[in-house]
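**Student:** Requesting a structural model of the entry that follows:
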Amino acid sequence: MPAVSKGDGMRGLAVFISDIRNCKSKEAEIKRINKELANIRSKFKGDKALDGYSKKKYVCKLLFIFLLGHDIDFGHMEAVNLLSSNRYTEKQIGYLFISVLVNSNSELIRLINNAIKNDLASRNPTFMGLALHCIANVGSREMAEAFAGEIPKILVAGDTMDSVKQSAALCLLRLYRTSPDLVPMGDWTSRVVHLLNDQHLGVVTAATSLITTLAQKNPEEFKTSVSLAVSRLSRIVTSASTDLQDYTYYFVPAPWLSVKLLRLLQCYPPPEDPAVRGRLTECLETILNKAQEPPKSKKVQHSNAKNAVLFEAISLIIHHDSEPNLLVRACNQLGQFLQHRETNLRYLALESMCTLASSEFSHEAVKTHIETVINALKTERDVSVRQRAVDLLYAMCDRSNAQQIVAEMLNYLETADYSIREEIVLKVAILAEKYAVDYTWYVDTILNLIRIAGDYVSEEVWYRVIQIVINRDDVQGYAAKTVFEALQAPACHENLVKVGGYILGEFGNLIAGDPRSSPLIQFNLLHSKFHLCSVPTRALLLSTYIKFVNLFPEIKTTIQDVLRSDSQLKNADVELQQRAVEYLRLSTIASTDILATVLEEMPPFPERESSILAKLKKKKGPGTVTDLEEIKKERSSDMNGSAEPASVNASAVSTPSPSADLLGLGAAPLANSAPPPSSSGSLLVDVFSDSPSAVAPLAPGSDDNFARFVCKNNGVLFENQLLQIGLKSEFRQNLGRMFIFYGNKTSTQFLNFTPTVICSDDLQSSLNLQTKPVDPTVDGGAQVQQVVNIECVSDFMEAPILNIQFRYGGTFQNLSVKLPITLNKFFQPTEMSSQDFFQRWKQLSNPKQEVQNIFKAKHPMDAEITKAKIIGFGSALLEEVDPNPANFVGAGIIHTKTTQIGCLLRLEPNLQAQVSV
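**Tutor:** Coordinates of the predicted model:
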């Protein structure tokens, strides 16, 4: 910036500002301002032409008056005239006035645009910078229409100065954010990527911000930036603080640029080039190593800059989700921050660990910090940190620690802040259902939940517990007994009365044999709560009473007396009055058989997606990570880096099943055969289809992605430049549910979007699939969800095909991928002792009951990764069973609708020869 001469001090402006500050009252200030406005107006209208200095001074005064909150309705033309000045200070004030006061609909906008064009064409770097700053500050659609085609040329021109390149990159970024449709993509996009190699780090920083935003919408056009970003990041990370003196901030070299480069890399999957991938891994390892080094300064700025780079590096590690060692190291580093004295660090550590917990590689490492997280929940002063601790407990929960985590969350619920109680209630309800091995524990948990926080228990929660109790015969008696005991408390929450009324009305007969819970006692207990309840709950209790008439004829007269009372028959509420009249009449005139038919036990509810989960997503709101983004974080290759699942020595307890081919022992790959035809397609559909071939061949790379899902349930199944398909699935015994997320990566709508799950004739008899339809229109940048309910009828070898057809920009798109539903998904782990294992192993003498394979490891055999692989496959990992501690032993039962197949397996690695048996 040119030096400002002494003559540019504008003494008149300084005197005016001083006068304003010395005013004793608001009236005095207004009087002084009005006097000055009158003076300026007379100067502008005077016959004598003003020089540039005077115009600048008066425009500055107008700007100051505007900033004080007063309207300015003149002086705009004088400000525009300043733009044509060749003096920097005058042009600067003109641009400043326009940026602040000129409306984009102003009649002067054409004159302003002409002045900006002249400055951009002047090749004077100072004037070009002022013009670019004005365009970015205004950032209107009109500005984008006028200059969006010109600025990219300035940015990539070889003779443009570094300072102008910086301004041009940030100006283009501003225009793209406000009017992305007006910024044309062209030859400049390939050239702007090379700015990442620029010698000037300021240019690199500005260009990285621009490329990151562009790559989020157009990843294919900017994918070459990955290698350049890794190269630049490597140079920064490995440099000493003295190498980048101008860009070193408290001994941290270029922290802002490092963060931006790491954020850019999060727009893409892990690099495919081994050299680039290895270099990136080295960078991330270096960042993690530096975090362990003693600080070079005690000032907070040093630790802030250092931690900013560290957390962004951890975000990239989580996003790639492909390097187990890095994920575990990141988890350990975050674990150290959980007890840091700085509240912000504790918050960020908890937030990052929530995402790490969803990765199969780092889930176990996250679980080791459970006691620290529970302690934070109890002792943390900041409510936002406590909320993140709740989120982390929810994320790290699995079958091994579900009861402990649910118990801790229930304990915390009693003293939790009111703002997060409903969310905690929903999470406890979801965890209790998802990990309920013993449904008596589930019933106890939900009733305890209602007791502790009944006001925050939504209808979805108590609806769900009733659905589960009705669908499971083994828990109905226990549920009836438990709610009966809970209702005996002097003060019961209304939600407990609802649950008790419904369950006792259906299953009260199961506990009626006990004199302490006789039919009359059950009725009196419920009726004692009647007058304290709202109208909907009273209506439910009346339905319970008529159910009692059918279940317990001996108390029919007592119930009829209640129904016949004036408080019911003449109730002011029409619903209660109608129920009382109808139920009384039904109990009076209907025969026993008719009554039993009308009031028979509720049939089981159809299996459906838990509405509690949808309620939690709605509660979390749009500011949280969407399902598709969450799945992106779960993207990974399989655990040992191989595209093939590890083969093991396996024995089946019953008749051998084709499931052995899941282990890679000889099944013909489905990709080599033609996709099965659709059995449900009608001739009419075929006649009017967009493509003569109803089902496309399998997409390239889908077999590799399919193999990765053998040992995991969540992640990205397929991705190209248009569409991303993510999966979340859960299985229990012979049943499963899969959520398929279709994400539109473009800014254009998908029309006639039709996903279809196709099974061959053989597979249809072994696998029952129920799919829910999806919206045929998918907006740009949006996602839709499809739910698939799965039932395994008998063992099977093939996998279903997911075919997706849609129109994008007038072009018909048709692709197919394998849906990862394999027999091992119905594998339930089984614990057994060493003696039982080998006894059963020796009993399997039939040659058809044993399969063995020897294979060479493609990657180093890591014990922890192998254990996680076996657990992910579905079997229980049996510790200290095999005499050789280096061997791995597993056991489990494959559940189908028709039979249960027990399986034993042993993996015998030979570390010297790098082979396994």
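
**Student:** wait, what's in contact with residue 731?
**Tutor:** With contact set as Cβ atoms under 8 Å, 6 or more residues apart in numbering, residue 731 has these partners: 713, 737, 790, 825, 826. C-beta: built from backbone N, CA, C; applies to glycine.

**Student:** Double-check the fourth one against residue 737; I have them as touching.
**Tutor:** It stands for residue 825. No: with contact defined as Cβ atoms under 8 Å, residue 825 and residue 737 do not form a contacting pair (11.0 Å).

**Student:** what residues are shared contacts of these two?
**Tutor:** Common contacts of residue 825 and residue 737, defined by Cβ under 8 Å, 6+ apart, comprise 729, 731.

**Student:** who's more crowded, these two?
**Tutor:** Using other Cβ atoms under 10 Å, the more surrounded residue of residue 825 and residue 737 is residue 825, with 22 against 18.

**Student:** phi, psi of the closest residue to that one other than its chain neighbours?
**Tutor:** In this structure, residue 825 finds its nearest non-sequential neighbour in residue 731, 4.7 Å apart by Cβ to Cβ, 6 or more residues apart in numbering. According to degrees, to the nearest 10, the main-chain angles of residue 731 amount to phi -130, psi 140.

**Student:** And for residue 744?
**Tutor:** Listed backbone geometry of residue 744 is phi -80, psi 110, with angles given as degrees, to the nearest 10.

**Student:** Chain neighbours aside, what residue packs nearest to it?
**Tutor:** Of all residues not flanking residue 744 in the chain, residue 778 sits nearest, at 4.6 Å (Cβ to Cβ, 6+ apart).

**Student:** now residue 766
**Tutor:** residue 796 (3.8 Å).

**Student:** correct me, but the one you found touches residue 763?
**Tutor:** Yes: the criterion here is Cβ under 8 Å, and residue 796 meets it with residue 763 at 5.8 Å.

**Student:** on that earlier part again, burial measure for the residue nearest to residue 766, as a count.
**Tutor:** Around residue 796 sit 23 other residues, with neighbours defined as other Cβ under 10 Å.

**Student:** ditto for residue 856
**Tutor:** The local packing count at residue 856 equals 9, with neighbours defined by other Cβ under 10 Å.

**Student:** Now do it against residue 910, distance only.
**Tutor:** 10 Å (Cβ to Cβ, to the nearest Å).

**Student:** Could you check how far residue 156 is from residue 714?
**Tutor:** When residue 156 is compared with residue 714 (using Cβ to Cβ), they lie 41 Å apart.

**Student:** next one: residue 705
**Tutor:** Between residue 705 and residue 714 the distance is 13 Å, computed by Cβ to Cβ.

**Student:** So between the two, which is more surrounded?
**Tutor:** Taking residue 705 and residue 714 together and counting by other Cβ under 10 Å, residue 705 has the greater number of neighbours (23 against 20).

**Student:** Leaving out the residues flanking it, which one is nearest to that one?
**Tutor:** Leaving out its chain neighbours, residue 705 is closest to residue 717 (Cβ to Cβ, 6+ apart), at 5.6 Å.

**Student:** Name the helix or strand for that neighbour, please.
**Tutor:** Taking DSSP states H and E as the criterion, residue 717 maps to strand 715-719.

**Student:** and that strand, what does it pack onto?
**Tutor:** In terms of contacts (3 or more Cβ pairs under 8 Å, 6 or more residues apart in numbering; DSSP states H and E), strand 715-719 is packed against helix 627-632, helix 702-708, strand 723-732, strand 811-818.
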